[in-house]
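K.L.:
Just a sequence and a predicted model for now, questions to come.
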Amino acid sequence: MSAVEKRRMTVEEYLAFEATAETKHEFVNGEIIAMAGSSLEHSVVTTGLTSAVTAALAAAGRPCVTLSPDTRVQLAETGMYAYPDLTVVCGGLEVDRRENPPSLLNPTVIFEVLSESTEAYDRGAKAAHYRSRASLKEYVLVSSTVRRVEVLRRGEKSGWWESAIFEGDAAVPLASLGIEVPLEDIYRQLAFLQTEEA
């Protein structure tokens, strides 16, 4: 995401604008932020991530659904609307049907694929907005350039804590989903892209 375009709006104005906009916009603190196109690396990692998580959920027989970056998530606690790179919901979907298109209300896990222009925001302000949502159990930060994934997990009593960083040939345990996702499955296509560029 990039602050390509900024305008002040009410939530109602934002939702009306977004319903007819040709590109996606996030909304925070009365400001809309146009989402810029992604790099090849970001796109390849997002595709690999989605495939790997979907396959792991299917193999484990988990009753969860993976949702694309076109799915808008509403964070009523802070008034933010965002489009995560991947969202997983376990159990039934809860959406705000008053909105067009409806916004998701109950993410279980949110994944953001990092890029140079968004990493500080994804780690800082955006993470704080996400953590306010009670249904969210894990927030996962995925590098778009190297095999590196961080998982922030909601503790049982003490709020949020950061788990270990997973690199190299590791598998990423996602406790709230009851699965492990091999980094190889996430980054296989990135390695191919980097070979082509060399």
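P.N.:
Nice, thanks for sending it over.

K.L.:
What is whatever helix or strand residue 130 lives in packed up against?
P.N.:
Using DSSP states H and E, residue 130 maps to helix 125-131. For helix 125-131, the packing partners by 3 or more CB pairs under 8 Å, 6 or more residues apart in numbering; DSSP states H and E come out as strand 80-82, strand 138-143, strand 148-154. C-beta coordinates here come from the backbone N, C-alpha and C atoms, glycine included.

K.L.:
From the rest of the structure, what touches that helix?
P.N.:
Residues from elsewhere that reach helix 125-131 (CB atoms under 8 Å, 6 or more residues apart in numbering): 28, 75, 78, 80, 82, 110, 112, 136, 139, 152, 154, 160.

K.L.:
Next secondary structure after the lengthiest helix in the chain?
P.N.:
Secondary structure assigned by DSSP state H gives helix 40-60 as the longest helix of the chain. Next along the chain after helix 40-60, taking DSSP H and E as the criterion, comes strand 64-67.

K.L.:
any idea of the mean pLDDT in the next helix or strand after that next one?
P.N.:
Going down the chain from strand 64-67, the next helix or strand is strand 73-75, by DSSP H and E. Averaging pLDDT along strand 73-75 yields 95.

K.L.:
what comes into contact with strand 73-75?
P.N.:
Identification of contacts with strand 73-75 by CB under 8 Å, 6+ apart yields 80-84, 87, 96, 99, 103-105, 107, 110, 129-130, 132-133.
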